[in-house]
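Enquirer: Dropping a prediction and its sequence here:
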Amino acid sequence: MRILGLLLMLFSSTLLVPMGYALVDDDHTLTSFASALGLTFIAGLVLWLPVQHVRHELRIRDGFLVTSLFWTVLGIAGSLPFILTEGLQLSPMDAIFESISGLTTTGATVITGLDDLPRSILIYRQLLQWLGGIGIIVIAVAVLPMLGIGGMQLYRAEIPGPTKDRKLTPRIAETAKALFFVYLSLTVVCALAYWAAGMSGFDAVAHSFSTVAIGGFSTHDASMGYFESNSVLLICSLFMVISGLNFGLHFLSWRRRSLNGYRQDSESRFFLGVLLVGIAITCSYLILSDVLPVEDSLIHGLFMTISIATTTGFATHDFSAWPTFLPLMLIMFSFMGGCVGSTAGGMKSVRLMLIAKQGIRELKQLVHPKAVIPLKIGRHRVEATVVSAVWSFFAVYMFVFVTMMLALLGTGLDFTTAFSAVAACLNNLGPGLGEVAANYSGIGGVAKALLCLAMLLGRLEIFTLLVLFTPMFWRL
């Protein structure tokens, strides 16, 4: 209660940014944002006051609970401006869907007519993604230790699974600050690059938020296609790739003034290799099938492959209208997502790399049954427990995917829509196929609620949320 209260009060301060735009533009949303700020701050204060003097170290189990509650509660609190703004005409379910989509950096939207919306609403949507990208919980780890609250357990809960050494600096608070510094620096450089390429100052800042966060929200219905600029698309592609890499590597490379870390990192090489294969296939198919002229095929093929594979979700074309092979292939690429420690969704490259290495190892073992063939990442041997955990994660991920897809089919959606919607939300991608190709406003409330759950499961990497539903978790 104490941590959740503090974080809600902290989150309420972010509403000051859209309030500033509402005040300057006099767009009649000031009351909505002020009310949302007051309600969120009071809710946090009510949670915090009764337990403000409680002091004890969190256990790992507490970390999982706080992390899951935080994303769920913040998703609901973040929906208040959407609900209170009359011009949007969003139902509570639609507002919660939009908020959770933003915080989880999914980018699925139920709002149409973005070009006509007030700047305050537009910047708020982008800000949700920017905060979700770094993980508000990681930002809080840099602040909460100063208030007497341990943070290592929360940090571990936020990034479960096979990871490299996340402790970049001796103290967890310093680690969070280091990652935030890298994140903020990339955002500033990205905004300046967009501005130099011809975007307005507002659009440059807004799109830098969702690019570095690998979110996909835009201030225009046509997304990146609105700008009709190859320079903008190439800049966006570069920063999507950078944001799909491990932010720990970015920090170490900056500190050591060397790019050797990227070359030596097996996961980065695998991630970039898969991206290159996807780009080559997409561009070749677009050229050979005469969907677009050669130059457009190269530019848009590269951009859309990176956007979908990194789970960003920006668009230049309606890729669902491309030959069926391409949109389905790109959605399958989104299951990989980015690297561990990045802002991307999906299962993460290192897991798929381990599964591929394990498959090759088993083939070799069939040919040489008595040989001892260790599984390695780089020069390091991978323990059997790690491989087992990866396979368990993969199995549970697929089970959740199939279960959610069947549930969506049960709501009356067709197969293409259900399949792509679950893939897009579980992988924190955003755009889908069928009825959800443009936006998610046309599907029912039950389907949206299921997809909100899928977005949270994807953002929290399945186990962090599912562990709360096990009886063992609640035993003292």
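Expert: Thanks, I have the structure now. Numbering: from 1, shown residues only.
Enquirer: C-alpha from now on. contacts and neighbour counts both.
Expert: OK.
Enquirer: Now do the contacts for the residue most central in space within the chain.
Expert: Residue closest to the average C-alpha location in the chain (Cα atoms, centre = their mean): residue 105, at 3.7 Å. The contact partners of residue 105, by Cα atoms under 8 Å, 6 or more residues apart in numbering, come to 129-130, 132-133, 210, 213-216, 312, 428-429.
Enquirer: cool, residue 338 as well?
Expert: Residues in contact with residue 338 (Cα under 8 Å, 6+ apart) are 244-245, 271, 309-311, 344-346, 348-349.
Enquirer: Residue 373 too?
Expert: Contact partners of residue 373, counting by Cα under 8 Å, 6+ apart, are 361, 365.
Enquirer: begin at 23 from here
Expert: Renumbered: residue one is now 23, and that last one reads residue 395.
Enquirer: Does it belong to a helix, a strand or coil?
Expert: At residue 395, secondary structure determined by DSSP: H, G, I helix; E, B strand; the rest coil is coil.
Enquirer: Now do it against residue 265, distance only.
Expert: 34 Å (Cα to Cα, to the nearest Å).
Enquirer: just the strands in the chain please.
Expert: With strands called from DSSP state E, the chain shows them at 398-399, 402-403.
Enquirer: Among these, show me which one is buried the most.
Expert: A comparison of the strands of the chain by mean neighbour count, using mean count of other Cα atoms under 10 Å, puts strand 398-399 on top with a mean of 14.
Enquirer: Enumerate the sheet neighbours of it, specifying parallel or antiparallel for every one.
Expert: strand 402-403 (antiparallel) (DSSP bridges).
Enquirer: neighbouring contacts of the partner strand?
Expert: Contacts of strand 402-403 (Cα under 8 Å, 6+ apart): 396-397.
Enquirer: Mind checking the pLDDT average for it?
Expert: The predicted model gives strand 402-403 an average pLDDT of 80.
Enquirer: Check stretch 274-289 too.
Expert: What stretch 274-289 shows for mean pLDDT is 86.
Enquirer: Grab the CA positions of it and hand them over as PDB.
Expert: Output in PDB follows, covering the C-alpha atoms of stretch 274-289 (Å, rounded to 0.1, in the frame of the first residue of the first chain):
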ATOM      1  CA  LEU A 274      28.300   0.200 -21.000                       C
ATOM      2  CA  SER A 275      29.200   1.300 -24.500                       C
ATOM      3  CA  TRP A 276      28.800   4.900 -23.600                       C
ATOM      4  CA  ARG A 277      30.800   4.500 -20.400                       C
ATOM      5  CA  ARG A 278      33.600   2.600 -22.200                       C
ATOM      6  CA  ARG A 279      33.400   4.700 -25.400                       C
ATOM      7  CA  SER A 280      33.500   1.500 -27.400                       C
ATOM      8  CA  LEU A 281      31.100  -0.400 -29.600                       C
ATOM      9  CA  ASN A 282      32.800  -3.800 -28.900                       C
ATOM     10  CA  GLY A 283      30.000  -4.700 -26.500                       C
ATOM     11  CA  TYR A 284      27.500  -5.000 -29.300                       C
ATOM     12  CA  ARG A 285      29.800  -7.100 -31.500                       C
ATOM     13  CA  GLN A 286      30.700  -9.400 -28.600                       C
ATOM     14  CA  ASP A 287      27.000  -9.900 -27.500                       C
ATOM     15  CA  SER A 288      25.500 -13.000 -28.900                       C
ATOM     16  CA  GLU A 289      21.900 -11.900 -28.400                       C
END
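Enquirer: Now do the buried residues in that stretch.
Expert: By neighbour count with 16 or more other Cα atoms under 10 Å, stretch 274-289 contains the buried residues 274, 284, 288-289.
Enquirer: Look up how far residue 124 lies from residue 474.
Expert: 11 Å.
Enquirer: And the residue nearest to residue 433 when sequence neighbours are not counted, how far from residue 483?
Expert: Distance criterion Cα to Cα, 6 or more residues apart in numbering; nearest residue to residue 433, sequence neighbours excluded, is residue 469 at 6.5 Å. For residue 469, the distance to residue 483 (Cα to Cα) stands at 21 Å.
Enquirer: for residue 287, same thing?
Expert: The value you get for residue 287 to residue 483, if Cα to Cα is used, is 22 Å.
Enquirer: ditto for residue 33
Expert: From residue 33 to residue 483 the distance is 23 Å (Cα to Cα).
Enquirer: Wait, the residue nearest to residue 433 touches residue 430, no?
Expert: Yes. Contact criterion Cα atoms under 8 Å: residue 469 and residue 430 qualify, at 5.9 Å.
Enquirer: out of those two, which sits in the more crowded spot?
Expert: Taking neighbours as other Cα atoms under 10 Å, residue 469 and residue 430 compare with residue 430 leading, 25 against 22.
Enquirer: That one reaches residue 467, doesn't it?
Expert: No. Shown here, residue 430 and residue 467 do not form a contact pair, counting by Cα under 8 Å, at 11.1 Å.
Enquirer: can you pull the contacts of residue 66?
Expert: Residue 66 neighbours (Cα under 8 Å, 6+ apart): 26-31.
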